[in-house]
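1. Structure here, sequence nowhere to be found:
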Ligand SMILES: [Fe+2]
Ligand SMILES: [Fe+2]
């Protein structure tokens, strides 16, 4: 297996692991009756599977091997909603670092179809980190105030919580997530 193909296959684990962890987070939030946050994390879980699918499609289209990774059982308990979203932010930063590593590798090898594929991911990660940072900051503002937490939960349910974050860089290509 070529070095870049191996590296892309390795990256699939980051996307699937994020998907699995976000699903566990969605369940934990649902158990706390924070239905807006829960729905948001379920959507994010599905988006991460979409990211993996996108890379798998690239590998297949360019006649390279796909080796699906083993996914570990995710963490399933968090100290607070704040701690959970700090975890989301850390995960996203890890995924960004992995994407940038792939990009550097592809550039060094002159693999233009790979850098073209990865351009979408670079923009997506910028958006994902901006979202996660925004939610973390909102939660810090809410502090121990339950009413503020419930208001944010309601905004996630109504789809308005991230209205000022989405589209910061022309928006993430949401419609293409399942591609
Ligand atoms: Fe992702
Ligand atoms: Fe992500």
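-> Happy to help now that I have it. Just so we're clear, the structure is a prediction, and the values are computed from it rather than from any experiment. Numbers count the residues shown, from 1 in each chain. Ligands and ions are numbered 1, 2, ... in the order given.

2. mind listing what residue 157 touches?
-> With contact set as Cβ atoms under 8 Å, 6 or more residues apart in numbering, residue 157 has these partners: 35, 36, 39. Glycine gets a C-beta too; all of them are placed from N, C-alpha and C.

3. any chance of those in a markdown table, plus secondary structure and distance to residue 126?
-> Formatted as a markdown table, these follow (DSSP: H, G, I helix; E, B strand; the rest coil; distance: Cβ to Cβ, whole Å):
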| residue | secondary structure | distance to residue 126 |
| --- | --- | --- |
| 35 | helix | 28 |
| 36 | helix | 24 |
| 39 | helix | 23 |
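
4. so which of those would you say is closest to residue 113?
-> Using Cβ to Cβ, the shortest approach to residue 113 within the contacts of residue 157 belongs to residue 39, at 35.8 Å.

5. neighbours of the spatially closest residue to residue 77 that is not a sequence neighbour, just the number please.
-> Spatial nearest neighbour of residue 77, excluding adjacent residues (Cβ to Cβ, 6 or more residues apart in numbering): residue 28 at 6.7 Å. Here the neighbour count serves as a burial measure; for residue 28 (other Cβ atoms under 10 Å) it reads 19.

6. Would you agree residue 28 is in contact with residue 74?
-> No. In this structure, residue 28 sits apart from residue 74 without contact. The criterion is Cβ atoms under 8 Å, and the distance is 10.1 Å.

7. any idea how far residue 20 lies from ligand 1?
-> Separation of residue 20 from ligand 1 (Cβ to the ion, to the nearest Å) stands at 12 Å.

8. isn't that residue right next to residue 75, touching?
-> No. Contact status for residue 20 versus residue 75: not in contact, 9.9 Å apart, counting by Cβ under 8 Å.

9. And those two? Which one has more around it.
-> The residue with more neighbours, out of residue 20 and residue 75 and counting by other Cβ under 10 Å, is residue 20; that gives 18 against 13.
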